[in-house]
Structure formats: structure tokens, C-alpha cells
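Asker: Take a look and give me a structure for this.
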Amino acid sequence: MEDFASKQVTENLDEPPNSRLFIVTCRSMSEDVIRDTFAVFGDIQAVWVVKDKQTKESKGVSYVKFAKSSQAGLAMEEMHGKVVIEGTKPIKVFIAQSRSSGRHRDVEDEELTRIFVMIPKTLTEDDLKEIV
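Answerer: Numbering: from 1, shown residues only. You can find the predicted model right below:
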């Protein structure tokens, strides 16, 4: 029965629209900490911590699926820029883009794209600017 419920949530990631959050965290933040932190904002249907396929360690990116869009919106407003674990950087919280969407939503007539890229720690900002 648990597999059916999990499959059902996965198939309905964007129902209702804007009910799924994309969260940038520290790599040490566990699924339980994320769930406990965001549970105060409403009914959490699922939490996914994105992990490296080889090492199985967190990549510092997670998703939280709420039952209602209003719960996700409140959680985003309240938690964006907050420090959850003392001594770590503030988390970043966004409404996750629809999985079925072929293009990004327009924000004030300006199309925005956020790209996350894994780079070596030795690469400086100037090196990156030269490459791009």
C-alpha cells in the first residue's frame, strides 16, 4: 500500500499547482530535519533529498511537496533566507517549476532561468567568467 501512495504523490507533483518547493540547503541537512522544519506550515505529502548516485550523499538540494499551494507559499515566504542549522548558510526556498512545463514562467515580463552547476572547488570566480 505504501508503494501505491508514493507513486500517487509522484504522479501528482504539480497538483495543486505551485505546491512543491525547491530548497537549497547545506549538504548535512537530513530529510527528517527538512520535514520537521517545514511541517509547521502545513500537510507535507513528500520530501525528496537529491543525492549523488555514486556516493549516496546529499547534493544540498531538496523538494518538499505540500497538500496546498497556500502552505507552500507561506513556507517559502517564512523560510527563504533563514538559517536552519546553526553554523550553516541560510537556506534558499523557491516554488518548484512544473515538471510538465516546457518553459519557465514569466516574472514581470522577464524570463528567468536558474542553473545549478557542479564545479571544482579550485575554480575561481574569474576562471568561471572566462569559461562562460
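Asker: In contact with Lys92, which residues?
Answerer: Ile23, Val24, His80, Gly81 (C-beta atoms under 8 Å, 6 or more residues apart in numbering). In short, each C-beta sits where N, CA and C put it, glycine included.
Asker: For PyMOL, write the select line for the buried members of those residues.
Answerer: In PyMOL, this line selects whichever of the contacts of Lys92 come out buried by 16 or more other C-beta atoms under 10 Å:
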select buried, resi 23+24
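Asker: can you put the contacts of Lys92 in TSV and add distance to Arg35?
Answerer: Converted to TSV, the contacts of Lys92 look like this (distance: C-beta to C-beta, whole Å):
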residue	distance to Arg35
Ile23	12
Val24	17
His80	18
Gly81	20
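Asker: State the pair within the contacts of Lys92 that is farthest apart.
Answerer: For these, the maximum inter-member distance is 11.8 Å, found between Ile23 and Gly81 (C-beta to C-beta).
Asker: Can you check which residues contact both of those two?
Answerer: Common neighbours of Ile23 and Gly81 (C-beta under 8 Å, 6+ apart) are Ile91, Lys92.
Asker: could you check the distance from Arg35 over to Val84?
Answerer: Distance of Arg35 to Val84, computed by C-beta to C-beta, to the nearest Å: 12 Å.
Asker: This completes my enquiry, with thanks.
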